[in-house]
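>>> one predicted model, sequence on top.
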Amino acid sequence: MKVIVFTALLTMSNALFGSDVNSLSISELKQEILDIAAANTERLDNFKEVRGKLDPLVKALKAKGDQSVQERVEGKIGSWQQLWTDDSDDTRPNNFFSQIDRSRTFQVVDPNGFFYNVSEMKTAIKLRLTVFLRGTYAKQGEGISIKFTNIDIKALGTKDITDTTYKLENKEEKFFAATRFSEYPNGPVGAEGYIDTVYVDDEMRVDYGYNTADEVIDLFVLKRMEGR
């Protein structure tokens, strides 16, 4: 009997939560998503719990936003700071010597079909490194297909992410070229995937995406940065 009552209460709770989510406005949904993501940016131990909270909110936001494919693909262009993801590849570089600073993870998307994932690394000797992972993208279906092409590493942190990224792309800056040491499957270069941006505006972006090698769907929450 206790099991039946508990199951009934859980079902009612889920139904009420779903109803509450659907009654929220776009701005309220956005704030909930941003608050949850920001509160858990640096945690690695609660991916499943956070994903469970975010998925219903994202589903409701996508439905209420009702954006076209063109709006969602073109809206990606610009500079972004990642607030949260449950992508396990995000933690692969972590080891005894270095660890990704999840509070300093960015993406710069250019309209000319390329992008950079930029991450600062904390090291055991207190020296910061900035990793610039370049990729290309092309529209595919509801989203974009992506492929990582090369990787460069800069000593120390990076103050102006967008400016430094474009200096690297335009060969005005030169850092340590690590592409030959980072080829898939030992590294990201050569890996391919797919990203579906389900909501984007002038403040935030929400993506679902996967690596074609495993097709595990991950969630990404990002906030827009100033600049191009």
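Good, I have the coordinates.
>>> so what's residue 213 closest to, chain neighbours aside?
Excluding its sequence neighbours, the residue lying closest to residue 213 (Cβ to Cβ, 6 or more residues apart in numbering) is residue 191, at 6.8 Å. The C-beta positions use only the backbone N, C-alpha and C, and glycine is treated the same way.
>>> what is the neighbour count of the one you found?
Look at residue 191: counted by other Cβ atoms under 10 Å, it has 19 neighbours.
>>> quick one, what contacts it?
Applying Cβ atoms under 8 Å, 6 or more residues apart in numbering to residue 191 gives the contacts 147-148, 184, 211-213.
>>> same list (those) but as JSON lines, adding distance to residue 87 and pLDDT.
JSON lines is the format used below for these (distance: Cβ to Cβ, whole Å; pLDDT from 0 to 100):
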{"residue": "147", "distance to residue 87": "16", "pLDDT": "98"}
{"residue": "148", "distance to residue 87": "13", "pLDDT": "97"}
{"residue": "184", "distance to residue 87": "15", "pLDDT": "87"}
{"residue": "211", "distance to residue 87": "8", "pLDDT": "94"}
{"residue": "212", "distance to residue 87": "14", "pLDDT": "94"}
{"residue": "213", "distance to residue 87": "13", "pLDDT": "90"}
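>>> for the residue nearest to residue 213, give its distance to residue 114.
Relative to residue 114, residue 191 is positioned 15 Å away (Cβ to Cβ, to the nearest Å).
>>> what does residue 133 give?
In this view, residue 133 and residue 114 are 11 Å apart by Cβ to Cβ.
>>> returning to what we had before: any idea how far the residue nearest to residue 213 lies from residue 42?
24 Å.
>>> and residue 195, by the same measure?
23 Å.
>>> neighbour-wise, which of the two wins?
More crowded of residue 195 and residue 42, by other Cβ under 10 Å: residue 195, with 19 against 10.
>>> surely the more buried one is in a strand?
Yes. Counting by DSSP: H, G, I helix; E, B strand; the rest coil, residue 195 falls inside a strand.
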